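**Student:** sequence first, predicted coordinates after that:
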Amino acid sequence: MLARGTTGDSRRSWTWAWRASLWARFLDGEKAYEMIRGMMRHSMMDSLFTTHPPMQVDGTMGIVAGFAEMLLQSRTGRLHLLPALPEAWKNGSVRGLKARGNITVDMDWKDGRVTQFRLSSPVAQSVKVAANGTEKTYELTPETPVKGS
């Protein structure tokens, strides 16, 4: 990523979204946030659609994926909550993120740490959750959402 440049391309909105997601995957929330800010500054219209005349859906939809990647990363059987949270988002909440395995994730955080989360699944399954430097396994069932902190 460093060899390819550390900014997006003010003429092509998809590059900002792509790089935001990659920096998030590398667990660098500050760099991912920098890509989001760059896209908003250089490649986003007032309608929140992105440019690359007349409009480019890759950037518009891709930046949403970048936001999600910063807040939740999932692999089969493992969820990582707030893996790439930038300082600018140190307090917040999110509802309805979807993780692999059709798991719905709601969570709140303060000072960059998860304060509570809720997981729900339409099928019974086991999932590991990494949050605040620890990892714990939860058993999900369709009838009962799991709450944690």
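**Tutor:** Cool, got the structure.

**Student:** which residues sit in contact with residue 68?
**Tutor:** residue 97 (Cβ atoms under 8 Å, 6 or more residues apart in numbering). Yep, even glycine has a C-beta here, placed from its N, CA and C like the rest.

**Student:** cool, and residue 91?
**Tutor:** 109, 110, 111.

**Student:** kindly recompute the last result at 6 Å.
**Tutor:** residue 110 (Cβ atoms under 6 Å, 6 or more residues apart in numbering).

**Student:** what about it, distance to residue 61?
**Tutor:** Noted for residue 91: a distance of 27 Å to residue 61, by Cβ to Cβ, to the nearest Å.

**Student:** again, but for residue 16
**Tutor:** Counting by Cβ to Cβ - residue 16 and residue 61 are separated by 12 Å.

**Student:** more neighbours, those two?
**Tutor:** Legend: neighbour count by other Cβ atoms under 10 Å for residue 16 and residue 61, higher for residue 16 (29 against 12).

**Student:** list the buried ones in stretch 112-124?
**Tutor:** Going by neighbour count (16 or more other Cβ atoms under 10 Å), the buried part of stretch 112-124 is 114, 117, 119, 120, 121.

**Student:** bridging residues for the first one?
**Tutor:** According to DSSP bridges, residue 109 are recorded as the beta-bridge partners of residue 114.

**Student:** wait, it touches residue 129, no?
**Tutor:** No - in this structure, residue 114 is not within contact of residue 129 by Cβ atoms under 6 Å, at 9.2 Å.

**Student:** including distance to residue 43 and pLDDT, could the buried residues of stretch 112-124 go into JSON lines?
**Tutor:** Below are the buried residues of stretch 112-124 laid out as JSON lines (distance: Cβ to Cβ, whole Å; pLDDT from 0 to 100):
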{"residue": "114", "distance to residue 43": "32", "pLDDT": "97"}
{"residue": "117", "distance to residue 43": "33", "pLDDT": "96"}
{"residue": "119", "distance to residue 43": "35", "pLDDT": "96"}
{"residue": "120", "distance to residue 43": "35", "pLDDT": "95"}
{"residue": "121", "distance to residue 43": "37", "pLDDT": "95"}
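
**Student:** which ones among the residues you listed lie within strands?
**Tutor:** Judged by DSSP state E, strands contain the following of the buried residues of stretch 112-124: 114, 117, 119, 120.
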